[in-house]
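1. From the sequence below, what's the structure:
(chains A and B)
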Amino acid sequence: MMVVLPLHADSIGDITELRGVGQVLRDKPYDTSLDFDIEQNDDVRTANGRVGITFLDDSVVRLTEHSKLVIDEVIFDPNPSKSKMKMKFASGTARFITGKIGAINKENISISTPTSKIGIRGTDFTVTVDELGRSLVILLPDEFGVSSGEITVQTAMGSVVLNQPYESTVTSVWETSPTKPVILDLNLNIIDNMLIVSPPKEDKISLEEQTTNNAGGILDVDYLEFEELDVDYLAEDNLAFNELDIDYLDVNFLEDLLEVIEEIDALEIRERRTVGEQLFSELDIKGTNYGTDTSTQITTFGDAEKITLIRSVTHSVQLDLNGETGYNIIIEQDGKAYNIILNSSSNSVITIKQSSG
Amino acid sequence: MRALIALFLSIGLYADNEIYVDQTGDNAAIDIEQLGSTNLIGDTDATAGSMTAAVLNGSGMTLDINQIGSSNKFLTDGIFGTNFTGFFEFDGDSNEFEFSMDTTGLNTADSNDINIDITGSLNMADIDIAEVSGASYLDIDWIIDGDSNDATVDIDADYATMTMDILGDTNTLTFIQSGYGNSSSDAKYFNLNLDGSNNTMTVKQQSTLASDWLTISSDASNSNICIIQNDGGTATSC
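-> So this is what the prediction gives:
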């Protein structure tokens, strides 16, 4: 078999773990192989395979099946301010284990998904991106079981900080805030099993020890009385249903978590809405309804202390207003005007004109 | 330890509390603190009592200006360069602050971090940064604490964030933000926190292709706020 090697530019890492089939898109597609050099602007994709990449600073990225990672820019420089790490993770599930990342100024590290930007300070975490671009980010613990650092997950509407083991958030679209962080009931073995690229050597040793122990027990048997010696134990697959053979890799666990977290959020939203509607009904506000008003395209919520109005069309305006003060809010767009009056007063006047022309 | 590197820096002390500065060269760190009233900082071409704008050029510049007293004036024009960091503190009344950066659009004004803290009344601040989307990754944090202040801001950037706290009465703000976005990730964010009464605010965001985001948190009363988000600039007033 002839292996086609790519033209070499500066290598920023190489493929150190491999199972199944993957491709690196560069000047043309290259099939992945162990020790394959990774370069700037490489587009690494897996099909029914898994790929582990080790970068020059010992950072590791492990990609599961059907993943896509674009390496925009990775520069390692003795000067941390000149080092950079910029990648786009477009789909699938990946685990990022940062290396000498302290050697890179945090503002120079950028891992983005279709719906979020992730800021890193020396951490170990997973990212799952589904076909809609929804992103699940889970911070993993270090070897001592404590937080491996801190990551910030940002969208256009805000950011959340993950700093507890298994703390996670979901971003659905860039224009909405990340979900409130929740701590998942996971452990590192589950994560590891999901994201193993090459089966660990420890598992083989364990199998060998188990086989040896079984052989020791067999010595106590009177083989002369039985014909057990004729049995070829090596040919027999006695371990076919050992726990070690449970294929966690077939479990679409992280993708399922996306739905679980969104269900939790939906429950919280329903509860909050009930409470919110009650509080809102006690306010003196005219011209828009609680929640998203389809006629005004204004989302309104709040209580006697603060009332929030959001209108997001081509551009976005958010007003956080004192709930006890009077406001006359006039919104104009494309010849239509809406008037919202808060606390029966025109004490303050806010006029909003939104148009794209 | 902060290094003071100036390829060409001349500071002359003339009349009471008047400092004239011209700076050209990269990575300069300029730190000036004036105490007292009628403090002036401007250009070396100025004559005593008649201030012209200082010319400050060079990338990687750190400029730290503290004017403590009343009737202070800091004027600068023609700053260009990337990675500029500015700290401007004015503590007193009737201060005048004019800051212009790459207003021709012929140079660069990228990755700049500007921090302004004005405490007092009857202050005037005028900031004009870039033309034709000349400023990328601009970050401005601004606090005005006092009454009857007048601030004008004109920013032309493809990615910018500005946070402004106005705490006081009868303040006036005119904010114009424009720029051409190259992608949907280019955006301008303006966060305005308003507390006081009888304030007049005009906010215009006119970014073509980029997204404009405005958040106003208001405890203000008897105020008039005009917000125009209009790519084409066809809407000019409320």
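
2. going forward, measure contacts and count neighbours with C-alpha atoms only.
-> Noted.

3. Within range of chain B, give me the residues from the stretch 251-357 of chain A.
-> A:314-322, A:325-326, A:347-357 (C-alpha under 8 Å from any C-alpha of the partner chain).

4. Filter these down to just the ones in strands.
-> Using DSSP state E to define strands, the subset of those located there is A:316-322, A:348-355.

5. Taking those residues together, which two end up most distant?
-> A:322 and A:355 (26.9 Å; C-alpha to C-alpha).

6. what is the mean pLDDT for stretch A:95-107?
-> Stretch A:95-107 comes out with an average pLDDT of 71.

7. again with stretch A:24-31
-> 90.

8. And for stretch B:120-133?
-> Here the average pLDDT along stretch B:120-133 is 85.

9. Would you mind listing which of the residues of the stretch 251-357 of chain A next to chain B are buried?
-> Among these, the ones that count as buried by 16 or more other C-alpha atoms under 10 Å in any protein chain shown are A:314-322, A:325-326, A:347-356.

10. mind listing what the residue positioned nearest the centre of chain B touches?
-> In chain B, the centroid-proximal residue (C-alpha atoms, centre = their mean) is residue B:127; its distance is 3.8 Å. Neighbour list for residue B:127: B:98, B:99, B:100, B:152, B:153, B:154, B:155 [criterion: C-alpha atoms under 8 Å, 6 or more residues apart in numbering or on different chains].

11. got a winner among those for most neighbours?
-> residue B:155 (26 neighbours; other C-alpha atoms under 10 Å in any protein chain shown).

12. That one reaches residue B:130, doesn't it?
-> Yes - here residue B:155 reaches residue B:130: they are 6.3 Å apart, a contact under C-alpha atoms under 8 Å.

13. any idea how chain A splits into domains?
-> A:11-193, A:210-244, A:285-353 (automatic domain parsing).

14. which stretch in those is the model least sure about?
-> Among the domains of chain A, domain A:210-244 scores lowest, at a mean of 42.

15. count of residues packed around residue B:163?
-> 16.

16. ditto for residue A:153
-> 27.

17. what's the helix or strand for it?
-> strand A:150-155 (DSSP states H and E).

18. just checking, what packs against that strand?
-> Applying 3 or more C-alpha pairs under 8 Å, 6 or more residues apart in numbering or on different chains; DSSP states H and E, one finds that strand A:150-155 contacts strand A:116-121, strand A:135-139, strand A:158-162.

19. among those strands, which is the most enclosed?
-> Of all the helices and strands packed on strand A:150-155, strand A:135-139 has the most neighbours on average by mean count of other C-alpha atoms under 10 Å in any protein chain shown, namely a mean of 28.

20. about what we covered before: I'd like the contacts of residue B:127 as JSON lines, with pLDDT and secondary structure appended.
-> Formatted as JSON lines, the contacts of residue B:127 follow (pLDDT from 0 to 100; DSSP: H, G, I helix; E, B strand; the rest coil):
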{"residue": "B:98", "pLDDT": "90", "secondary structure": "strand"}
{"residue": "B:99", "pLDDT": "89", "secondary structure": "strand"}
{"residue": "B:100", "pLDDT": "86", "secondary structure": "strand"}
{"residue": "B:152", "pLDDT": "93", "secondary structure": "strand"}
{"residue": "B:153", "pLDDT": "91", "secondary structure": "strand"}
{"residue": "B:154", "pLDDT": "90", "secondary structure": "strand"}
{"residue": "B:155", "pLDDT": "87", "secondary structure": "strand"}
